[in-house]
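Undergrad: Pasting a predicted model and its sequence here:
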Amino acid sequence: MAIVWTTTAGSLGTIEERVAYTRTLTATGATAFTVHAGSLPSGLYVTLNGVLKGTPSEVAQNTKSTFVIRATDGTASADRTFSLTVQGPDAPSFTTPAGTIISLTDGEFIDTTIVATDSDEIVKEVESFGGEAMMTDSNIQTGSDRVAQVYKQLGQPFDAVINLQGDMPFITPRQIGTSIIPLNFGYDVGTLIYKMDEAEQHNPNSVKAIASVHPTTEIGQCHWFLRAPLSYGYHHAGIYAFKPEVLKKLARLEQTEYEQIEKLEQLRFLENKFRIGAKLCEAIKGEINTYEDLEMAKAEPEKKDD
(Lines give C-alpha, C1' and ligand atoms only; values in the text may rest on other atoms or scores of the structure.)
Protein backbone atom coordinates (compact mmCIF):
# COMPACT_ATOMS: atom_id res chain seq x y z
CA MET A 1 0.00 0.00 0.00
CA ALA A 2 1.38 3.38 -0.98
CA ILE A 3 2.16 5.99 1.66
CA VAL A 4 0.32 9.24 0.94
CA TRP A 5 1.29 12.43 2.75
CA THR A 6 -1.60 14.61 3.93
CA THR A 7 0.54 17.31 5.59
CA THR A 8 1.46 19.89 2.96
CA ALA A 9 5.14 20.16 2.12
CA GLY A 10 7.06 23.39 2.63
CA SER A 11 7.10 25.86 5.48
CA LEU A 12 5.54 24.90 8.80
CA GLY A 13 5.69 28.53 9.83
CA THR A 14 7.61 30.50 12.44
CA ILE A 15 7.86 29.56 16.10
CA GLU A 16 9.32 31.36 19.11
CA GLU A 17 12.53 30.37 20.82
CA ARG A 18 12.20 28.76 24.28
CA VAL A 19 8.43 28.24 23.83
CA ALA A 20 7.06 24.67 23.75
CA TYR A 21 5.92 23.60 20.28
CA THR A 22 3.83 20.67 18.99
CA ARG A 23 2.78 19.87 15.41
CA THR A 24 1.38 16.54 14.16
CA LEU A 25 2.53 15.35 10.74
CA THR A 26 0.20 12.93 8.94
CA ALA A 27 0.57 10.46 6.10
CA THR A 28 -2.03 7.82 5.19
CA GLY A 29 -0.81 4.28 5.81
CA ALA A 30 2.32 5.31 7.73
CA THR A 31 3.19 3.60 11.00
CA ALA A 32 6.45 5.43 11.72
CA PHE A 33 8.07 8.78 11.04
CA THR A 34 11.79 9.61 11.13
CA VAL A 35 14.11 12.44 10.12
CA HIS A 36 15.66 11.26 6.86
CA ALA A 37 17.78 14.28 5.91
CA GLY A 38 18.58 17.77 7.12
CA SER A 39 18.16 18.70 10.76
CA LEU A 40 15.39 19.88 13.01
CA PRO A 41 15.72 23.12 14.99
CA SER A 42 17.76 22.54 18.13
CA GLY A 43 15.49 21.35 20.94
CA LEU A 44 12.90 19.68 18.67
CA TYR A 45 12.43 16.01 17.78
CA VAL A 46 9.90 13.87 15.93
CA THR A 47 8.15 10.92 17.58
CA LEU A 48 7.51 7.60 15.82
CA ASN A 49 3.84 8.51 15.42
CA GLY A 50 4.69 11.75 13.63
CA VAL A 51 4.50 14.41 16.34
CA LEU A 52 7.05 17.17 15.91
CA LYS A 53 7.61 18.59 19.39
CA GLY A 54 9.97 20.11 21.90
CA THR A 55 11.17 23.53 23.06
CA PRO A 56 13.34 25.40 20.53
CA SER A 57 16.70 26.51 21.89
CA GLU A 58 17.57 30.21 22.03
CA VAL A 59 18.90 31.62 18.75
CA ALA A 60 20.79 34.83 18.06
CA GLN A 61 18.57 35.69 15.08
CA ASN A 62 15.75 34.18 13.04
CA THR A 63 17.00 30.71 12.05
CA LYS A 64 15.42 28.54 9.33
CA SER A 65 15.86 24.76 9.41
CA THR A 66 15.05 22.53 6.42
CA PHE A 67 14.57 18.80 6.91
CA VAL A 68 13.12 15.70 5.25
CA ILE A 69 10.70 13.47 7.14
CA ARG A 70 10.30 9.88 5.99
CA ALA A 71 6.92 8.22 6.56
CA THR A 72 6.94 4.41 6.37
CA ASP A 73 4.86 1.32 7.09
CA GLY A 74 7.91 -0.91 7.31
CA THR A 75 7.87 -1.73 3.61
CA ALA A 76 6.90 1.31 1.58
CA SER A 77 8.00 4.84 2.39
CA ALA A 78 7.48 8.42 1.25
CA ASP A 79 9.62 11.47 1.94
CA ARG A 80 8.47 15.05 2.37
CA THR A 81 10.53 18.22 2.83
CA PHE A 82 9.58 20.81 5.43
CA SER A 83 11.08 23.95 6.90
CA LEU A 84 10.59 25.66 10.23
CA THR A 85 11.87 29.05 11.37
CA VAL A 86 12.75 29.79 14.98
CA GLN A 87 12.29 33.46 15.76
CA GLY A 88 15.14 35.09 17.62
CA PRO A 89 15.03 38.31 19.64
CA ASP A 90 13.60 41.24 17.74
CA ALA A 91 16.11 43.89 16.85
CA PRO A 92 15.25 46.96 18.94
CA SER A 93 13.81 49.83 16.94
CA PHE A 94 13.48 53.50 17.81
CA THR A 95 10.05 54.91 18.56
CA THR A 96 11.51 58.39 19.03
CA PRO A 97 12.11 60.52 15.90
CA ALA A 98 15.71 60.77 14.74
CA GLY A 99 17.88 63.51 16.14
CA THR A 100 19.81 64.29 19.27
CA ILE A 101 17.90 63.13 22.32
CA ILE A 102 20.39 63.94 25.00
CA SER A 103 24.12 64.27 25.55
CA LEU A 104 25.55 61.34 27.47
CA THR A 105 29.12 62.59 27.73
CA ASP A 106 29.20 64.51 30.96
CA GLY A 107 26.07 63.82 32.96
CA GLU A 108 24.74 67.38 32.63
CA PHE A 109 21.29 66.08 31.69
CA ILE A 110 20.75 65.05 35.32
CA ASP A 111 18.66 67.81 36.89
CA THR A 112 18.55 66.60 40.47
CA THR A 113 20.70 64.20 42.47
CA ILE A 114 19.31 63.03 45.81
CA VAL A 115 20.54 60.42 48.25
CA ALA A 116 17.54 58.41 49.47
CA THR A 117 18.18 56.85 52.87
CA ASP A 118 16.67 55.91 56.22
CA SER A 119 19.82 56.88 58.13
CA ASP A 120 20.28 60.22 59.92
CA GLU A 121 24.02 59.62 59.83
CA ILE A 122 24.02 59.35 56.04
CA VAL A 123 21.90 62.49 55.70
CA LYS A 124 24.40 64.45 57.82
CA GLU A 125 27.35 63.10 55.82
CA VAL A 126 25.77 64.02 52.48
CA GLU A 127 24.84 67.50 53.67
CA SER A 128 28.40 68.02 54.98
CA PHE A 129 29.75 68.10 51.42
CA GLY A 130 26.84 70.11 50.02
CA GLY A 131 24.78 67.23 48.71
CA GLU A 132 21.04 66.69 49.05
CA ALA A 133 19.53 63.77 50.94
CA MET A 134 15.99 62.78 51.88
CA MET A 135 14.78 60.50 54.63
CA THR A 136 12.55 57.56 53.69
CA ASP A 137 10.63 54.95 55.67
CA SER A 138 12.87 52.45 57.44
CA ASN A 139 10.61 49.54 56.49
CA ILE A 140 11.22 49.96 52.75
CA GLN A 141 12.94 46.84 51.44
CA THR A 142 14.48 47.88 48.11
CA GLY A 143 16.28 50.78 46.50
CA SER A 144 13.67 51.19 43.78
CA ASP A 145 10.88 51.47 46.34
CA ARG A 146 12.95 54.01 48.28
CA VAL A 147 13.51 56.05 45.11
CA ALA A 148 9.78 55.86 44.32
CA GLN A 149 8.97 57.37 47.71
CA VAL A 150 11.40 60.24 47.15
CA TYR A 151 9.96 60.89 43.69
CA LYS A 152 6.48 61.06 45.19
CA GLN A 153 7.64 63.45 47.92
CA LEU A 154 9.29 65.77 45.38
CA GLY A 155 6.06 66.20 43.46
CA GLN A 156 7.94 67.42 40.39
CA PRO A 157 7.73 66.12 36.80
CA PHE A 158 10.84 64.43 35.40
CA ASP A 159 11.44 62.68 32.10
CA ALA A 160 13.17 59.77 33.79
CA VAL A 161 14.15 58.62 37.27
CA ILE A 162 17.38 56.70 37.83
CA ASN A 163 17.97 54.46 40.83
CA LEU A 164 21.75 54.21 41.30
CA GLN A 165 22.60 51.93 44.19
CA GLY A 166 25.24 53.12 46.61
CA ASP A 167 27.57 50.16 46.14
CA MET A 168 29.08 51.46 42.86
CA PRO A 169 31.23 54.48 43.79
CA PHE A 170 33.29 54.33 40.58
CA ILE A 171 30.50 54.33 38.00
CA THR A 172 30.94 57.29 35.63
CA PRO A 173 28.39 59.97 34.69
CA ARG A 174 28.50 58.63 31.14
CA GLN A 175 27.53 55.14 32.29
CA ILE A 176 24.75 56.55 34.45
CA GLY A 177 23.35 58.36 31.42
CA THR A 178 23.67 55.27 29.26
CA SER A 179 21.19 53.43 31.48
CA ILE A 180 18.28 55.44 30.06
CA ILE A 181 18.95 54.40 26.44
CA PRO A 182 16.83 51.20 26.61
CA LEU A 183 13.80 53.35 27.52
CA ASN A 184 14.00 54.86 24.04
CA PHE A 185 13.79 51.34 22.58
CA GLY A 186 10.43 50.69 24.22
CA TYR A 187 11.56 48.91 27.38
CA ASP A 188 9.84 49.61 30.70
CA VAL A 189 13.09 49.66 32.70
CA GLY A 190 16.65 50.38 31.61
CA THR A 191 19.81 48.97 33.16
CA LEU A 192 23.46 48.13 32.42
CA ILE A 193 25.23 44.81 31.94
CA TYR A 194 28.78 43.88 31.09
CA LYS A 195 30.81 40.78 30.36
CA MET A 196 31.87 38.70 33.36
CA ASP A 197 35.28 37.34 34.12
CA GLU A 198 35.66 33.85 35.58
CA ALA A 199 35.81 35.09 39.16
CA GLU A 200 32.50 36.94 38.77
CA GLN A 201 30.87 33.86 37.23
CA HIS A 202 31.43 31.94 40.47
CA ASN A 203 30.93 34.80 42.94
CA PRO A 204 27.58 34.48 44.79
CA ASN A 205 27.70 38.23 45.53
CA SER A 206 27.83 38.99 41.81
CA VAL A 207 24.38 39.36 40.21
CA LYS A 208 24.18 37.68 36.82
CA ALA A 209 21.83 38.61 33.98
CA ILE A 210 20.59 36.30 31.24
CA ALA A 211 19.97 38.60 28.30
CA SER A 212 19.64 38.57 24.51
CA VAL A 213 21.89 41.39 23.28
CA HIS A 214 21.67 42.71 19.72
CA PRO A 215 25.18 42.69 18.20
CA THR A 216 24.80 46.12 16.58
CA THR A 217 22.97 48.21 19.15
CA GLU A 218 24.40 46.28 22.14
CA ILE A 219 20.94 46.55 23.68
CA GLY A 220 18.71 43.64 24.54
CA GLN A 221 16.05 42.17 26.74
CA CYS A 222 16.85 40.72 30.16
CA HIS A 223 15.16 37.35 30.72
CA TRP A 224 16.27 36.56 34.29
CA PHE A 225 18.66 37.49 37.10
CA LEU A 226 20.33 35.26 39.69
CA ARG A 227 23.22 35.03 42.13
CA ALA A 228 24.15 31.37 41.60
CA PRO A 229 27.30 30.48 39.62
CA LEU A 230 26.74 30.94 35.89
CA SER A 231 29.22 30.26 33.10
CA TYR A 232 27.40 32.43 30.55
CA GLY A 233 25.38 35.62 30.55
CA TYR A 234 26.44 39.01 31.92
CA HIS A 235 27.21 40.83 35.13
CA HIS A 236 24.33 43.09 36.14
CA ALA A 237 25.14 46.57 37.43
CA GLY A 238 22.99 47.96 40.25
CA ILE A 239 21.30 50.75 38.32
CA TYR A 240 17.75 51.16 36.99
CA ALA A 241 16.24 53.86 34.81
CA PHE A 242 12.48 54.33 34.88
CA LYS A 243 9.87 56.36 33.15
CA PRO A 244 8.03 57.96 36.11
CA GLU A 245 4.73 56.26 35.32
CA VAL A 246 6.43 52.84 35.32
CA LEU A 247 8.21 53.53 38.62
CA LYS A 248 4.89 54.39 40.27
CA LYS A 249 3.30 51.16 39.02
CA LEU A 250 6.21 49.03 40.21
CA ALA A 251 6.19 50.63 43.65
CA ARG A 252 2.57 49.57 44.15
CA LEU A 253 3.36 45.89 43.56
CA GLU A 254 3.92 43.41 46.36
CA GLN A 255 7.26 41.66 46.62
CA THR A 256 7.25 38.37 44.71
CA GLU A 257 8.48 34.93 45.74
CA TYR A 258 11.63 34.93 43.62
CA GLU A 259 12.43 38.51 44.57
CA GLN A 260 12.42 37.51 48.23
CA ILE A 261 14.48 34.37 47.60
CA GLU A 262 17.20 36.07 45.54
CA LYS A 263 16.93 39.52 47.20
CA LEU A 264 16.69 41.04 43.72
CA GLU A 265 13.96 43.62 43.14
CA GLN A 266 14.24 43.31 39.34
CA LEU A 267 12.65 39.86 39.54
CA ARG A 268 9.45 41.57 40.73
CA PHE A 269 9.53 43.59 37.51
CA LEU A 270 9.91 40.49 35.34
CA GLU A 271 7.36 38.42 37.27
CA ASN A 272 4.81 41.18 36.65
CA LYS A 273 5.56 41.24 32.89
CA PHE A 274 7.55 44.48 32.80
CA ARG A 275 10.29 44.38 30.17
CA ILE A 276 13.83 45.20 31.29
CA GLY A 277 16.20 46.40 28.59
CA ALA A 278 19.94 46.41 29.15
CA LYS A 279 22.76 48.35 27.50
CA LEU A 280 26.07 46.56 27.26
CA CYS A 281 28.82 48.71 28.76
CA GLU A 282 32.42 48.52 29.85
CA ALA A 283 33.09 46.70 33.11
CA ILE A 284 32.40 48.76 36.23
CA LYS A 285 35.12 47.98 38.71
CA GLY A 286 35.01 48.57 42.43
CA GLU A 287 31.48 47.35 43.13
CA ILE A 288 31.08 46.93 46.89
CA ASN A 289 29.29 43.80 48.09
CA THR A 290 31.47 42.72 51.01
CA TYR A 291 33.70 44.24 53.68
CA GLU A 292 36.72 43.15 51.63
CA ASP A 293 35.32 45.04 48.63
CA LEU A 294 35.00 48.15 50.80
CA GLU A 295 38.63 47.97 51.88
CA MET A 296 39.75 47.60 48.26
CA ALA A 297 37.58 50.56 47.24
CA LYS A 298 39.15 52.75 49.91
CA ALA A 299 42.54 52.05 48.38
CA GLU A 300 41.34 52.76 44.84
CA PRO A 301 42.36 56.16 43.44
CA GLU A 302 39.50 58.43 42.43
CA LYS A 303 38.42 57.79 38.85
CA LYS A 304 37.38 60.44 36.37
CA ASP A 305 34.95 60.10 33.50
CA ASP A 306 36.80 60.00 30.20
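TA: On my side now, so go ahead. Numbers count the residues shown, from 1 in each chain.

Undergrad: got a list of contacts for the helix of greatest length in the chain?
TA: In the chain, ranked by residue count with DSSP state H as the criterion, the top helix is helix 143-154. The set of residues that contact helix 143-154 without belonging to it, under C-beta atoms under 8 Å, 6 or more residues apart in numbering, is 112, 114, 116-118, 134, 136-137, 140, 158, 161, 163, 165, 238, 240, 242, 244, 247-248, 250-251, 265. To be clear about C-beta, it is placed using only N, CA and C from the backbone, and glycine gets the same treatment.

Undergrad: in the next helix or strand after it, what counts as buried?
TA: As assigned by DSSP states H and E, the chain's next helix or strand after helix 143-154 is strand 161-164. Judged by neighbour count (16 or more other C-beta atoms under 10 Å), strand 161-164 contains these buried residues: 161-164.

Undergrad: How about stretch 256-275?
TA: By neighbour count, with 16+ other C-beta under 10 Å as the criterion, the buried positions of stretch 256-275 are 256, 259, 262, 264-270, 274.

Undergrad: Tyr45 bridge partners, please.
TA: The residues paired with Tyr45 through beta bridges, assigned by DSSP bridges, are Lys53.

Undergrad: okay, it: pLDDT?
TA: Among the per-residue scores, Tyr45 holds a pLDDT of 92.

Undergrad: ok, it - contacts?
TA: Tyr45 sits next to 52-54 when contact means C-beta under 8 Å, 6+ apart.

Undergrad: My read is that Val48 contacts Phe33, right?
TA: Not quite, residue 48 is Leu, not Val. Yes - under the contact definition of C-beta atoms under 8 Å, Leu48 touches Phe33, with a separation of 6.4 Å.

Undergrad: Who wins on neighbours among the contacts of Tyr45?
TA: When the contacts of Tyr45 are compared by neighbour count (other C-beta atoms under 10 Å), Leu52 ends up highest, at 23 neighbours.

Undergrad: Check the gap between it and Thr34 for me.
TA: Distance of Leu52 to Thr34, given as C-beta to C-beta, to the nearest Å: 12 Å.

Undergrad: Please convert the contacts of Tyr45 to CSV, extending it with pLDDT.
TA: Written out in CSV, the entries for these read as follows (pLDDT from 0 to 100):
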residue, pLDDT
Leu52, 96
Lys53, 94
Gly54, 92
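
Undergrad: The residue nearest to the spatial centre of the chain and Ser11, how far apart?
TA: Nearest residue to the geometric centre of the chain (C-alpha atoms, centre = their mean): Cys222, 0.5 Å. Distance of Cys222 to Ser11, computed by C-beta to C-beta: 31 Å.

Undergrad: Find the residues that touch each one of Leu52 and Thr34.
TA: Shared contacts of Leu52 and Thr34, counting by C-beta under 8 Å, 6+ apart, come down to Val46.

Undergrad: chain center to stretch 152-164, what's the gap?
TA: Distance of stretch 152-164 from the chain centroid (C-alpha atoms, centre = their mean, to the nearest Å) equals 23 Å.

Undergrad: Got phi/psi on Asp159?
TA: Its backbone dihedrals place Asp159 at phi -70, psi -30, with angles given as degrees, to the nearest 10.

Undergrad: Next: Gly38.
TA: Comment: the main-chain dihedrals of Gly38 come out as phi 70, psi -160, following degrees, to the nearest 10.

Undergrad: which residues does it contact?
TA: With C-beta under 8 Å, 6+ apart as the criterion, the residues that contact Gly38 are 65-68, 81.

Undergrad: Buried by neighbour count, from those residues: which ones?
TA: Buried positions within the contacts of Gly38, assessed by neighbour count (16+ other C-beta under 10 Å), are 65, 67.

Undergrad: Looking at the contacts of Gly38, which one is closest to Pro215?
TA: Nearest to Pro215 among those: Ser65, at 21.3 Å, using C-beta to C-beta.
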